[in-house]
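# Sequence isn't available, so here's the structure alone:
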């Protein structure tokens, strides 16, 4: 099928289940909230190297946050509960607690929870204060600026990572413009986030490598420079490929995000929209591209 | 006239071990069947299938007096949920660990106990103890007169006036209407009043030329010389402290054959101390007791749950207050003794409480002679006396006991030898440690057995699925020949006796006593001794 | 003909001095040697002439009065028994049983004066001792909000400041105004009314060398409190006598709790005791009896068939102020004279039975008055001193009237008879 | 939603103990059975129907009408459902309650919500002494739940409170939050004297005026805008408490104490300047 003259390949994105948490970071203004958010998920692009994947879900107005300040909502995903128990306190402790004026709240209602404030409180060295309001416990940790307020436990739930689109463009300019359009479209979708820098990954990967110590390596089938050397997946005229990777709380959310992303990316200069998969060997969630419009 | 027929009778003092027998009662005493003139007219209780034994005799329990009442008064939270309504026969009352006087009497009787000894009576406050005991219905009771820190006595000992000390002790027993000499942390309370926190067996008593060892030996000798039926009731030095087993063992050695009762031995059998954690030294202490036949002991078993600790050992309660942060009541009694109260929760998951439970059990199972080993919780220190049935269950049922043990913190399990002890008490042995043996140690010839001439204090139980259910409520209790409990309910009330001794003393001590009172007491000598009005049902137990 | 009785106990106040020498001429006391002015008045003013009970102002036979009293109490739905501070434990025991059998509310005068001390003790404990410990060993004696020179005149000589060792002890008075007691003190700290709690909290902090920024507390410079804290820590044995100045001022039991905590903490470094300066002769005994029989020292409600504790709810002041009693039995007390008028007024609206050796405002309004003998004068009985030491009162004259105990026992028997047919059912 | 309505038959002046009046007890009971519930009237048990006219169909939700000033222990220990009281209520209202909601149109007596462990108590009038506090001898008072008072509260609000939230729209008597172990106490009117005496932990927040200075054992620490207050104030605003924008934007002076007990408690005083 085609949209706006761009081919939608009959393939599928291979997504997989992960554990997700949603963090609400507030601050004195949006800029400080963004700063804390970037510090927290800046190095959370790929589960392969970062221990988790995370991205900004959206900005929150002051009417949407627990403490009435502007904020940012983040999604963070890990392979296992145990990883979440490590990653969340680590990232909130280093990324949010250190950042001026911020507070950090749980954004996910769930019976399954992991301790965040409950771990970070020890930073208070015995001076931390617990507050229980309406069934939620918060920790007030004294810091030089005043107090860092952080929720005791954060809800986690099964979620989906690995939703993706490959944008095959004629030129780097066209591919980038299409990717940017896709990103800004996807950012309007709830319950999803884009873990890679600017929402775009240029270094898509395949599983395995010729080196024993490396579990993933460059996705050579889509590297334009390797077209004659490998079994290339690139049609004629494609000189640049960019990938949009999507994580989301539900498969539905990922599907919505892929659809609006693909639609936005179908622009002049784009040859084809594809998706990355591993032959169905890794992920349990297979999202057929053409099904998105079915 | 009453006949309890066809019951399985447990009367170890008379060698009866579960044989089916009839028990006949007339005029408050047990009589032989052929002495009952008119058996047809007797009230008959068919005890077929039931267990018959003498009424229980508790050798050490805090049931009445100033510090018991201070515990009641300080802890309304102890009583709120435990209440019993008046019903025309009984009075209302309640309290979990420090029940009201009436409730104390009823609860003991419902369990088949008929005699209880109040373990610590400050002489100056003896009227109070007796007033309360008169409001404890049904039970026969006596009270032990505190002497281990009495300044007049310390003066006699310092001046090596042994005869004067003996006459004083005899006078004080009579003046206070006491039953036995009680020694609590000898010299240690006096030292605490002078600012010294801990006192061991051979430490000096500040301001006096005496040591705890000398006090103990003198009072043990005095008990023997006066022919007291129960001879000195000793709460050793350093009670409750880690590492106190060495003090206990040295005390037993020091006694060197003198007849003595060691109170709540569990609190005196601790190893560790200093940098080492608390551990059980029950095996060592038990070995010392086993080897010294002059010594009897009650255990002071800890049971889990909230309780109220109280003792004349003022410094001990101060330490407990510092450790627990709980509220603390203290009452130093001029010239005589001290006293303190601290509420406490013996929590199962607390290593110390759990270890205390283990040490008590270990002692029960390591002390070889049941005639010298007695069941107590040092009520309410280790827990309320109402927990006796559960303790009996632990002693008689190895499996139940090991289940309890396995629920305790690992540290407690590993710091005692309880897991290796397989012994199970027989029913006959239970009768000994709760009745026959205690009566014998107390010198109560008419109690603790069912022979002809004994007081008709009888408990009848129905065998149950488990021992604690059986002992919780007696089917029938006869006190002084009257049926007072049926099916675990008090159905009739009458006053019990106050057991006293009158050892006799030389009037030659009166002038110096009078002088001592004028100098040091705030109550006149002539107003000091307990008047007859306070012991309307006095029963004098003869000295030998 | 004059008789002399020795070792007589004076039941007037919580001191229970037991060294009086009383001379009796016939049925009147002519001399009460060694007694303080309060005690002298007590002994000499007493008239033991037999008197008939009154029902609705009419003199009747004893049995008739008992029957009428029993009828009034059993017909009430919410009867109150109150008083008991100036009667013997023997009578108090009967009174508690009567409350138990009736399902009544029972309160003593304790709830009005030193009830807060009991509440404080229930909150934090109470490190105390008997008065002889103080007489022999104390070297720092603090009178806080009390004036024993007037209320307990022989307290100094017998217990707190005996002449023989007066020089070796320091007497401190903390009060809102100079008193006869502050006149004889070595150190008088005059404080602003209602500042006791601030002062006591500050002293606790100072004893632990915790920093305070206030320069003056209770109107007294901090340096003076630092000095007092230093004395408290360095004495050999100290004691604080707490008076109604603490219990009746703002904070009440919390003041006392702060004081008892302070004293408890002082025992970490020295020996220290606190003692409520109890007034009425046997208010301490009433506490004791009620506690051993019910578990609670005052303000007890037996309405459910078992005792429940409710200071502020079952205290006579509150029961009456809220109009929650429909009959009252007043024993050895004069609530009409002593209770706040908001409470006393209700007593005029309900049937009242008064048992008292003397006439009072309350006996004047009572529907039934049972004139009894007076413990310590023409009846023997047990009183508890302010430190809990029980003493047996010796009667000095023979009685022609029943004792409180006998009156209450008769009333009890009568009540049990009356209500036997109508036991409250669930 | 229909409810069981209990209308006091007469002016009850003698004490009535109505601990049987809880949704837990009446749930599923027919009108007659509700009328037969025992209620202590003075020293005698009476059927509830003698004192109250019962209407409604035996639903768990209760409406009480009449002057209940002398009716004590309503809702004691309740775990669910609602009780709406149109009039005054007596002592111990909702004491030891663990869940559900009680609302009272007007004033309540002492010990309301004492030892409360959960649920919500809303009082539109004034509260008596010992609101949400502890009975004598107990170590802990309120251990959970929310108490909201639109009017004033008498002395010793939240004494020995261990957890939970109390907010008073008006003023308090003396010793608010004394011996607090933890929890939060908000006072919009005048905060009574000796606030937080003996407190170990917990927060006392004064949004109005102070009756007197803090105790000497409390020490000034700083002036700041505590983030957690935003959560509480917004919560209280939702429940109709008089939170102003100034409260939300304001600065607070923090005093810590009581240094005699543990010193980790705080009094936060809204800084008007």
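Great, that's in hand. For clarity, every value in this text was computed on a predicted model and none was experimentally measured.
# The stretch 51-200 of chain D against chain B: which residues are in contact?
D:135-139 (CB under 8 Å from any CB of the partner chain). Just so you know, the C-beta spots here come from the backbone N, C-alpha and C atoms, and that holds for glycine as well.
# Reformat those into CSV and put neighbour count next to each item.
CSV is the format used below for those (neighbours: other CB atoms under 10 Å in any protein chain shown):
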residue, neighbour count
D:135, 21
D:136, 21
D:137, 21
D:138, 18
D:139, 15
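# out of those residues, who's nearest residue C:269?
Of all these, residue D:139 has the smallest distance to residue C:269: 25.7 Å, by CB to CB.
# and that closest one, what is it in contact with?
Going by CB atoms under 8 Å, 6 or more residues apart in numbering or on different chains, residue D:139 touches B:77, D:160.
# quick one: it and residue B:327, what's the gap?
Noted for residue D:139: a distance of 9 Å to residue B:327, by CB to CB, to the nearest Å.
# Equivalent analysis for residue A:180, please.
From residue A:180 to residue B:327 the distance is 70 Å (CB to CB).
# between the two, who's got more neighbours?
More crowded of residue A:180 and residue B:327, by other CB atoms under 10 Å in any protein chain shown: residue B:327, with 24 against 16.
# so the more buried one touches residue C:123, yeah?
Yes - between residue B:327 and residue C:123 there is a contact under CB atoms under 8 Å: 6.9 Å.
# burial count for residue 129?
This is for chain A. 22.
# Correction: the question concerned chain B.
Neighbours of residue B:129 using other CB under 10 Å come to 32.
# Could you find the closest non-adjacent residue to it?
Sequence neighbours aside, residue B:65 is the residue nearest to residue B:129 in space, at 3.8 Å (criterion: CB to CB, 6 or more residues apart in numbering or on different chains).
# all helices for the stretch 1-150 of chain C, in order.
Along the stretch 1-150 of chain C, the stretches classed as helices by DSSP state H, counting those that start in this stretch are C:37-44, C:62-75, C:89-102, C:115-124, C:131-137, C:148-151.
# any chance of these in CSV, with mean neighbour count and mean pLDDT too?
Shown next, in CSV, are the helices of the stretch 1-150 of chain C (neighbours: other CB atoms under 10 Å in any protein chain shown; pLDDT from 0 to 100):
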stretch, mean neighbour count, mean pLDDT
helix C:37-44, 18, 95
helix C:62-75, 20, 96
helix C:89-102, 25, 98
helix C:115-124, 27, 95
helix C:131-137, 22, 96
helix C:148-151, 19, 95
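# For residue A:40, find the nearest of the ones you listed.
Nearest to residue A:40 among the helices of the stretch 1-150 of chain C is helix C:115-124 (47.9 Å), distances taken as CB to CB.
# Contacts for that closest one next, please.
With CB under 8 Å, 6+ apart as the test, helix C:115-124 has contacts from B:73-76, B:327-329, C:110, C:126, C:242, C:246-248, C:252-257, C:259-261, C:264, C:276, C:287, C:297-299, C:311, C:315, D:136-137, D:179.
# Going through those, which ones are buried?
B:73-76, B:327-329, C:110, C:126, C:242, C:246-247, C:252-257, C:259-261, C:264, C:276, C:287, C:297-299, C:311, C:315, D:136-137, D:179 (16 or more other CB atoms under 10 Å in any protein chain shown).
# still on that earlier bit, right, and the helices of the stretch 1-150 of chain C - which one's nearest residue B:404?
Here helix C:115-124 is closest among these (CB to CB), at 33.3 Å.
# In the stretch 101-250 of chain C, what residue lies closest to chain D?
Taking CB to the nearest CB, chain D has its nearest neighbour within the stretch 101-250 of chain C at residue C:103, 3.5 Å off.
# Please report how far that residue lies from residue C:119.
From residue C:103 to residue C:119 the distance is 25 Å (CB to CB).
# hmm, back to that, count the residues that sit near the residue nearest to residue B:129.
Residues near residue B:65, counting by other CB under 10 Å: 27.
# Spit out the contact partners of it.
In this structure, residue B:65 makes contact with B:118, B:120-122, B:125, B:128-129, B:132, B:143, judged by CB under 8 Å, 6+ apart.
# Can you give me the domain boundaries for chain A?
A:2-14+A:160-293, A:18-157 (automatic domain parsing).
# Would you mind measuring the gap between the ends of the last one?
Between the opening and closing residues of domain A:18-157 lies a distance of 8 Å (CA to CA, to the nearest Å).
# Please apply the same query to stretch A:200-215.
End-to-end for stretch A:200-215, by CA to CA: 21 Å.
# Which parts of it count as buried, going by neighbours?
A:200-201, A:204-205.
# how about those, which pair is most distant?
Between any two of those, the greatest separation by CB to CB is 14.3 Å, found for A:200 and A:205.
# Per-residue pLDDT of residue A:21, please?
pLDDT recorded at residue A:21 is 98.
# would it count as being in a strand?
Yes - counting by DSSP: H, G, I helix; E, B strand; the rest coil, residue A:21 falls inside a strand.
# residues in the stretch 151-273 of chain D within reach of chain A, list them.
With CB under 8 Å from any CB as the criterion, the stretch 151-273 of chain D meets chain A at residues D:163-165, D:182, D:184, D:201, D:203, D:222, D:224-228, D:230-232, D:234-235, D:248, D:264, D:266.
# Just the ones of these in helices?
Counted as lying in helices by DSSP state H, out of these, are D:227-228, D:230-232, D:234-235, D:248.
# Quick check, the residue in the stretch 151-294 of chain A closest to chain C?
Taking CB to the nearest CB, the stretch 151-294 of chain A has residue A:152 as its residue nearest chain C, at 31.6 Å.
# show me the contacts for that residue.
For residue A:152, the contacting residues are A:115-118, A:130, A:136-139, by CB under 8 Å, 6+ apart.
# What about chain D: which of these touch it?
Within the contacts of residue A:152, those near chain D by CB under 8 Å from any CB are A:130, A:138.
# so which of the contacts of residue A:152 comes closest to chain D?
Nearest member of the contacts of residue A:152 to chain D, counting by CB to the nearest CB, is residue A:138, at 5.9 Å.
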